[in-house]
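Undergrad: below: sequence and its predicted model.
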Amino acid sequence: MSEQFEPFEAVHGGNVKNSKSMKVFGALALLGTGLVLGLSGCKSAPELSQADAQKMIQAKYDAMPAAGVAITVNDLGMQQGANGKLWARTKVYPNRYWADFTLTPDGKKLVKLVNGGDTIQWRPESLEDKKFSVVVTTLVTNHLKAKDVEPAQDETLPGASSAKAVSYTEAVSLEGVNDVLQQIAHNPGNKLSTKKQADFVLENGAWKLQGIQ
């Protein structure tokens, strides 16, 4: 009697299909593992907060030598300084609008003149000239201050894989400066703050201040 044999696939069809399915699922699992490993190996750049940016900028300023503030003294400022007894008029010239002002003993403790000495040479072009000014520098020294730091923005810098730009205000500090000089410093002709940009680059997983412009 001849025996009837069913095809192998018919007899073991379930096992074959299951085997194929297991191979497919195994391949997908391995692929998924690879994607997870790949994503975990590609770390995103850390956040550069406004507070951290300000700390790094201020640290740079604090590492620089402290300096006096150069104050522009216009006609109003000369009057304020004379009333505050920082200087006194010691000579008037024949044209009646040129004069020499000498620093008082208190004034000598507070400011120095650009040309040295203790005499301010007041030389306007006419009685109506209100634009003439001189510059005095405070003997009190301070470091610049970083203020009003804005959120970091992505930028491209040569040689840097990741870079950010931060806009902020660079301001002079009048801490410890005589009150009269502070008033004069706020007169027209003085610029106590400047808009600046700080550039940061990512190095070894951390943000580093590269420069200020």
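TA: Received the coordinates, thanks.
Undergrad: how close does N190 sit to L174?
TA: Separation of N190 from L174 (C-beta to C-beta, to the nearest Å) stands at 11 Å. From N, CA and C alone the C-beta is placed, and that goes for glycine too.
Undergrad: please read the previous query as pertaining to D62.
TA: Per C-beta to C-beta, D62 is found 17 Å from L174.
Undergrad: compare neighbour counts for those two and give me the winner.
TA: Applying other C-beta atoms under 10 Å to D62 and L174 shows that L174 carries more neighbours, namely 18 against 12.
Undergrad: wait, isn't the more buried one in contact with Q182?
TA: Yes. In this structure L174 lies within contact range of Q182 using C-beta atoms under 8 Å: 5.1 Å.
Undergrad: direction included, what does the lengthiest strand in the chain pair up with?
TA: In the chain, taking DSSP state E as the definition, the longest strand is strand 193-203. Next to strand 193-203 in the sheet, as set by DSSP bridges, lie strand 163-171 (antiparallel), strand 206-212 (antiparallel).
Undergrad: tell me which of the ones you listed is the most buried.
TA: Per residue and on average, the most neighbours among these fall to strand 163-171, with a mean of 19 (mean count of other C-beta atoms under 10 Å).
Undergrad: which residues touch that strand?
TA: Residues outside strand 163-171 that contact it (C-beta atoms under 8 Å, 6 or more residues apart in numbering): 48, 50, 53-54, 57, 144-157, 192-202, 207, 210, 212.
Undergrad: narrow the residues you listed to just the buried residues.
TA: Among the contacts of strand 163-171, those buried by neighbour count (16 or more other C-beta atoms under 10 Å) are 48, 53-54, 57, 144-146, 149, 152, 196, 198-202, 207.
Undergrad: beyond the helix or strand that contains M78, next helix or strand please.
TA: Element membership for M78 (DSSP states H and E) is helix 75-83. On the C-terminal side of helix 75-83, the nearest following helix or strand under DSSP H and E is strand 87-92.
Undergrad: what's the neighbour count on I71?
TA: 26.
Undergrad: tell me what it is bridged to.
TA: Beta-bridge partners recorded for I71 (DSSP bridges): V136.
Undergrad: for T90, give me its contacts.
TA: 100-102, 119.
Undergrad: ignore what I typed, I meant A67.
TA: If you count contacts by C-beta under 8 Å, 6+ apart, A67 has them with 141-142.
Undergrad: beta partners for it?
TA: Applying DSSP bridges to A67 gives these bridge partners: N142.
Undergrad: for S49, see how far away the nearest residue to S162 once chain neighbours are set aside is.
TA: Closest residue in space to S162, ignoring its immediate chain neighbours: L202 at 3.9 Å, by C-beta to C-beta, 6 or more residues apart in numbering. The gap separating L202 from S49 is 14 Å, by C-beta to C-beta.
Undergrad: one more: A67?
TA: Applying C-beta to C-beta, the value for A67 to S49 is 29 Å.
Undergrad: how about A198?
TA: 13 Å.
Undergrad: which residues touch the residue lying closest to K109 once chain neighbours are set aside?
TA: Take K109 and drop its neighbours on the chain: the residue closest to it by C-beta to C-beta, 6+ apart is L139, 6.9 Å away. By C-beta under 8 Å, 6+ apart, L139 lies in contact with 68, 109-112.
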